[in-house]
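Q: Okay, predicted coordinates and the sequence, questions at the end:
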Amino acid sequence: MSDAHGKFVWYELLTTDRDAAAGFYGKVIGWSNEPFGNPEIGYHIFKTGNEFKTGNEPIGGVMTMPAEACNEGARPGWIGFIAVDDVDATAKRIGDAGGAVHRAPEDIPDVGRFAIVADPQGAVFALFKGRDCDHPAAPSPGTPGYTGWHELMAGDWETVFPFYADLFGWTKGDAMDMGEMGTYQLFAWKGQPIGGMMTKFKEMPAPYWGFYFNVPDIRKALETVTGTGGQVLNGPMQVPGGSWIIQCQDPQGVMFSLVQPAPM
């Protein structure tokens, strides 16, 4: 396996208004954005380092959802891309394991190959292999503008964990007893904790992946979210280890989360 296999490497926002969403996240997280590729597609890349001066690295992309997708009932949302050694082989393994391949493997000219898939319980994510095996070096943990945590609200985390472990080599970390909410299971990639998973609440319609983006000041971020048309659904709340989080909804109705990492 390559050094990147099993690592989250990209985050993509499909939304109902690209320009409005890009402006919102620029204010809240400090991202800049710029056009990429075919102008008819209207894809923009998010880059770190606008407000918080933490570099100028691409972290993800944003585009307005095609009208036909909206007409078919697709909802706006974030999707995480996970690096793999072979997109086609991994997509086949997912199908064989009871998951779904929503978009068959295809090439992005001059970029790489990808597929849109789902685990056996329905949580959607993407597979990706770049033209080469090189990926930017990871920034220091907690660097503003980057993704600080990945969270799976699963149909049943205990039965789906082996699926991810087998595909990506993820390993279990600490397990936190959340009382009536159940267990929150941390997981690691190459020994580095990168996220957690738990069984979703009954009122949640379907399993999903969520992402926490790093900010330097959670209370300032909260004020910016609410002051620019978003909503704070939960928090601020301090979590084990000392980080502060809020869970939010952007003006287009997309869920996302922010984290102020604990001091190192």
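A: That came through fine.
Q: and Gly95, what element?
A: Assessed by DSSP states H and E, Gly95 sits inside helix 87-96.
Q: what do you get for Val101?
A: Going by DSSP H and E, Val101 is part of strand 100-108.
Q: Neighbouring strands - and their directions - for that strand?
A: strand 112-118 (antiparallel) (DSSP bridges).
Q: The strand holding Val101: which residues count as buried?
A: Buried residues in strand 100-108, counted by 16 or more other Cβ atoms under 10 Å: Pro105. Backbone N, C-alpha and C define where each C-beta goes, glycine included.
Q: ditto for stretch 119-135
A: In terms of neighbour count (16+ other Cβ under 10 Å), stretch 119-135 has its buried residues at 119-121, 123-130.
Q: And those residues, which two are furthest apart?
A: Largest separation among the buried residues of stretch 119-135 by Cβ to Cβ: Gln121 and Gly130, giving 28.1 Å.
Q: ok, Gly6 - contacts?
A: Listed by Cβ atoms under 8 Å, 6 or more residues apart in numbering, the contact partners of Gly6 are 82-84, 167-170, 189-190.
Q: Would you mind checking those residues for buried ones?
A: Counted by 16+ other Cβ under 10 Å, those give 82-84, 167-168, 170, 189 as buried.
Q: I'd like to know which elements the helix or strand encompassing Leu167 is packed against.
A: Using DSSP H and E, Leu167 sits in helix 157-168. For helix 157-168, the packing partners by 3 or more Cβ pairs under 8 Å, 6 or more residues apart in numbering; DSSP states H and E come out as helix 87-96, strand 171-177, strand 183-189, strand 192-199.
Q: can you list the ones you listed in CSV and add distance to Phe213?
A: CSV is the format used below for these (distance: least, Cβ to Cβ, whole Å):
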stretch, distance to Phe213
helix 87-96, 26
strand 171-177, 21
strand 183-189, 18
strand 192-199, 13
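Q: Out of these, flag the one nearest Lys220.
A: Using Cβ to Cβ, the nearest of the helices and strands packed on helix 157-168 to Lys220 is strand 192-199, at 24.8 Å.
Q: Need the contact partners of the closest one.
A: Against strand 192-199 from outside (Cβ under 8 Å, 6+ apart): 8, 149-158, 160-161, 173, 176, 178, 181-188.
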